[in-house]
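Trainee: here you go, sequence then predicted model.
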Amino acid sequence: MELLETPHLLTVEEYMSLAIDGRTELIEGIIYDVMPRNAAHRNALNVLGRILTRALDERYAIQQQDAVAITGWKGRNAPEPDLAVIAQGYIDPIPTAKETFAVIEVSDTTYKRDRRKAGLYVAAGIPAYIVNIPERRVEVYESATDLQQLHGRVVPYGESFIVLGVKIAVADLFKPE
């Protein structure tokens, strides 16, 4: 009888106990490297952070590129969204879905993974937004219906989308053409 190799899928608790050099995230129990950022990614993220920090009240904090245990400490998902709006205050060790109110992924070369992560966020009750840099648009995923569509609800360049009551112009996230 031949034994099949079975991968060990990590929990968030196991993942957080590892001393890993470099930026990684845990998706469905598997550790993935996080891609380096380019100028378009960095600029969109900076604009989003600035707008949301100024507009949201003291109940919220902005977390950039840090893990969120969306399926709980014993779960298998600790993605590192580009931006997460979380509860203000001390959270130990990392926020869960209960403390996370919205996530935004800025996607240039990572669209497939970001779309997969959007499904995980929405399944956990967290609205997700993807800033699609190549397409110069924002995709909004707030429900399972949005996920069933090929690209969620698409907000094109020239229009605005709303995150927790804050209106953000899509054009502000991109370098002018």
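Mentor: Happy to help now that I have it.

Trainee: and for residue 108, the neighbour number?
Mentor: 17 (other C-beta atoms under 10 Å). (C-beta placed from N, C-alpha, C; glycine too.)

Trainee: so what's it up against?
Mentor: If a contact means C-beta atoms under 8 Å, 6 or more residues apart in numbering, then residue 108 has 38, 40-41, 133-134 as its contacts.

Trainee: now do residue 142
Mentor: Neighbours of residue 142 in contact, by C-beta under 8 Å, 6+ apart: 122, 127-128, 153.

Trainee: ok, and the most crowded of the residues you listed?
Mentor: residue 128 (25 neighbours).

Trainee: for the contacts of residue 142, which one is nearest residue 101?
Mentor: Taking C-beta to C-beta as the measure, residue 101 lies nearest residue 127 of the contacts of residue 142, at 7.7 Å.

Trainee: thinking the closest one is in contact with residue 100, fair?
Mentor: No: contact criterion C-beta atoms under 8 Å: residue 127 and residue 100 do not qualify, at 9.7 Å.

Trainee: thinking again about what came up before, any chance of the contacts of residue 142 in CSV, with distance to residue 61 and pLDDT too?
Mentor: Formatted as CSV, the contacts of residue 142 follow (distance: C-beta to C-beta, whole Å; pLDDT from 0 to 100):
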residue, distance to residue 61, pLDDT
122, 21, 93
127, 17, 96
128, 18, 97
153, 26, 91
